[in-house]
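J.: Pasting the sequence and the predicted coordinates here, then a few questions.
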Amino acid sequence: MPSEPSGICHHPSPRRRLVCMDITPQQLDQIKVFIEFLALLGGLGAFFRAVGEYRRQNNIRAFENFTAMTNRFNDSIPIQRVVKALNTEDEKEIRRLSVEDKDACISFHEEISIMRNSGLISDDVALYMFAHDALIANSSAAFWSNMEKELPYWAEFKHFCDSMQKLAKRYGEHWPAGEIRFTHRRSLYKDFIHIFTGD
């Protein structure tokens, strides 16, 4: 009876035959390492997909916040009265503004500031789209003629204006045209930390 080829064993079942190769412990370890490597690649792929989806959703939320605020800005009659008066640079016109209208304008920009502090809009968007009228109001003596500027109620508004003024000076005449984004640029590491901790 001819001998079986070395390294091959046959399953004794009469219905089917299983051919198996002899595997050394070293080869088995290599196979385990390869399988673990594939599992690691799959995990990394899932992680990067999760980060990509997180960034996409974050950008969508930022866009929704931005459009909601621009609509409020454009549709608010009190805010538009303030904007119109500020852009005339007519001190008499600015002095005639009611405290209620000015408070509406200040409160709106404080909301923008809080959204910026919370990372819901970027510094560039806050400066480019919302800061112009706030900076004029903050530096206008006529605007504050019937309001006490140093009261703590306006602290967030003043903080917003100071921050935007510093950013505008940093850019000078070279604003980041073509680079403005709804959200802050963050590293992959920071996105990873934010996904798992919320910080």
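T.: Yep, it's here.
J.: residues of stretch 122-138 that come out buried?
T.: Residues 122-128, 130-131, 133-138 are the ones in stretch 122-138 that count as buried (16 or more other C-beta atoms under 10 Å). Using the backbone N, CA and C atoms, a C-beta is placed for each residue, glycine as well.
J.: Okay, now the unreliable bits of the chain?
T.: 1-22, 51, 54-55, 173-199 (pLDDT under 70).
J.: for it, what spans make up the strands?
T.: Taking DSSP state E as the test, the strands found in the chain are 8-10, 19-21.
J.: how much distance is there from stretch 53-65 to the middle of the chain?
T.: Chain-centre distance of stretch 53-65: 7 Å, with C-alpha atoms, centre = their mean, to the nearest Å.
J.: what do you get for stretch 61-71?
T.: 13 Å.
J.: Quick check: longest helix in this protein by residues?
T.: Taking DSSP state H as the criterion, the chain has its longest helix at helix 25-75.
J.: I figured Ile106 hits Phe143, correct?
T.: No: the pair Ile106 and Phe143 fails to qualify as a contact (C-beta atoms under 8 Å) at a distance of 9.5 Å.
J.: anything in contact with each of the two?
T.: Any residue near both Ile106 and Phe143 by C-beta atoms under 8 Å, 6 or more residues apart in numbering counts here, and that gives Ala137.
J.: on that earlier part again, which strands and helices sit next to the longest helix of the chain?
T.: helix 77-88, helix 99-117, helix 188-197 (3 or more C-beta pairs under 8 Å, 6 or more residues apart in numbering; DSSP states H and E).
J.: These: which one's closest to Ile31?
T.: Across these, Ile31 has its closest neighbour in helix 188-197 (31.2 Å, C-beta to C-beta).
J.: Report the inter-axis angle for the longest helix of the chain versus helix 99-117.
T.: Note on geometry: by axes from the mean of the first three to the mean of the last three C-alpha atoms, to 10 degrees, helix 25-75 and helix 99-117 are set 170 degrees apart in direction.
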